[in-house]
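1. dropping a prediction and its sequence here:
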Amino acid sequence: MKVICIITLLILCFPCFAQQVEGQNEEQTPKLILDFMLVDAPYIKYGAQATANYQASVAVSQSVDPKLGHYLGAPFISPSMSGVISYASSFYNTMNYGVARGWDRILNPDKSKSAKIFNDIGTEFTAGIAFVLTTKIPFAGGWAHEEFHRNTWAPLGIGSYNQIWGFDLAPDALTYVGSIYDEDLIEFKKKDPAGFVRMGSAGIEAHYLMSERVQSQDFLYDTHLPNLALYWADFLAALDYVNRAHTTKTIDEHATQYNDEPDQLKRDFTGNDFTAWVYDLYNGDEAYTDRGIHPSGIGIDRYRDYNDLSVEMLDYVKKIGNRQWLNVISPFMFRVREIKLNESLSFNFALRHYLTSFGDDTQLDIFINKNNKKSILSLHKYSNHDTEWLPGIELTKYMDFLSLDKEKTLQGSIRGMIWMQPEDQLFFTKNSQAGGLLSCRLHLLNRSIFQPYLEIESKTKGWVAGVTYLDGKTSVRFGVQAVL
């Protein structure tokens, strides 16, 4: 209720302020951006294997061979992080586009200044209600949160089930990932301790990435959609969830979860995400079996709570919780989509904070529009226990690559990153490791609604928000995009 009240207040206040910053005379017609990622290789192979093992109800040690149906269904049943964000952003874009178009029919925003203000308030408020009502359905925020968790172990072939697909829409219904074997979690931590740490923080990574994607689309295409509820709900959910990890609330949460859990496949994979995250940051060398026996006497005691954290762990996660406030520092959060410096130059910015496999990443995005040529410059500050500042820089440039004829243009973007991150993604190390990423996305702009695109991305070892792999990997992605 507190979150709903805060979002309502923001919705009522910001339309007037935003008009003063952006200008009153600009055309602000809503646009719909759809992105359906159909193939992400090699992840489709991992998703198919994980799906096959889940459907056969077996651990990785008894893996079954995936069939054609598993490969065809993998992009939707077990999508990559890139696929998750493409579907989730398309979901919210569609919903908010419908809201905006509906309000334009009710109250023409071009009629007067007051009509524009009340239209903006109506669209944002209605979009906020729609956001709350759709939180626990597939392709919305809760679904994306759980799918990002699943992405951390899917490359090992570990099967699991996103409970969002159970369609339990009750307000007190738990949303979690189940149907995962203890023996798979044991092997996961043994083979990939950094990935195991990321397992805890990946859900919130999805929320912040959804906001980042929608803001980037607004900057690139001038979508003018009512996204305040999405931005603020993602921020407030992360703020509450991370800060809950250093309180005694986690004891009561886990006591409730322990009830009626004799079957390990019905248990959540970790309990509170961030007590697990900070615990495993500090205990990277500890065997998963050292967590002890589940209170039922069957299986491993997966959940960590306040009583399992040292004073240093509690202080660290409290510090990380306070850093979530950095995500508020952006004009986007106050419905300002663009700040004009003159007729040919405008910009915007967003400060972001991500939890990582080795600690955290503080990121500053600077959106630059010069003569309608757009780019995003990002500065990164990576840190772990022993090093507070490791640099990174990222540039994404949007451009027309080739005009084939009057009706066909090859458009796209090039993205480059270089960084220094903790060696081997470790929390306790002063050594650093250089790395980078390079990607190119091309789509064919033509007269049809749906435009095919191809994306090639290659990275070295290292953590990148929204990229499944912590090791070096080259990915090829194919999908369709629509701009309406």
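-> Sure thing, it's come through. Numbers count the residues shown, from 1 in each chain.
2. now stretch 54-61: buried residues?
-> For stretch 54-61, the neighbour count (16 or more other CB atoms under 10 Å) marks 54, 55, 59, 60 as buried. The C-beta positions use only the backbone N, C-alpha and C, and glycine is treated the same way.
3. so which of these belong to helices?
-> 54, 55 (DSSP state H).
4. out of the buried residues of stretch 54-61, who's nearest residue 365?
-> residue 54 (36.3 Å; CB to CB).
5. thought that closest one was touching residue 177?
-> No - using CB atoms under 8 Å, residue 54 is not in contact with residue 177; the gap is 10.7 Å.
6. shared neighbours of the two, anything?
-> 160, 161 (CB atoms under 8 Å, 6 or more residues apart in numbering).
7. related to what we said a few turns ago, now render the buried residues of stretch 54-61 as TSV, adding pLDDT and distance to residue 108.
-> Output for the buried residues of stretch 54-61, formatted as TSV (pLDDT from 0 to 100; distance: CB to CB, whole Å):
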residue	pLDDT	distance to residue 108
54	97	51
55	97	52
59	98	60
60	98	59
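8. flag the shaky bits of the stretch 151-300 of the chain, pLDDT-wise.
-> 253-260 (pLDDT under 70).
9. could I get the full set of helices for it?
-> 182-191, 193-221, 228-244, 249-258, 273-282 (DSSP state H, counting those that start in this stretch).
10. what angle do the first one and helix 273-282 make?
-> Put plainly, it is helix 182-191. 40 degrees (axes from the mean of the first three to the mean of the last three CA atoms, to 10 degrees).
11. what's the spacing between helix 182-191 and its chain's center?
-> 24 Å (CA atoms, centre = their mean, to the nearest Å).
12. elements contacting that helix?
-> helix 193-221 (3 or more CB pairs under 8 Å, 6 or more residues apart in numbering; DSSP states H and E).
13. with the second one instead?
-> With contacts defined as 3+ CB pairs under 8 Å, 6+ apart, helix 193-221 has these neighbours: helix 81-106, helix 141-153, helix 182-191, helix 228-244, helix 273-282, strand 345-355, strand 360-370, strand 373-383.
14. from the chain's centroid, how far away is the fourth one?
-> In this case it means helix 228-244. On CA atoms, centre = their mean, the centre of helix 228-244 falls 12 Å from the chain's centre.
15. likewise the fifth one?
-> A distance of 19 Å separates the centroid of the chain from that of helix 273-282, by CA atoms, centre = their mean.
16. helices or strands up against it?
-> By 3+ CB pairs under 8 Å, 6+ apart, helix 273-282 packs against helix 193-221, helix 228-244, helix 311-323.
17. so which of the ones you listed is nearest residue 96?
-> The nearest among these, by CB to CB, is helix 228-244 at 7.7 Å.
18. buried residues in that closest one, which are they?
-> Neighbour count says helix 228-244 has 228-239, 241-244 buried, by 16+ other CB under 10 Å.
19. and residue 444, backbone torsions?
-> Here is the backbone geometry of residue 444 (degrees, to the nearest 10): phi -90, psi 110.
20. er, residue 420 I mean
-> According to degrees, to the nearest 10, residue 420 has phi -120, psi 120.
21. tell me how many other residues crowd it.
-> 17 (other CB atoms under 10 Å).
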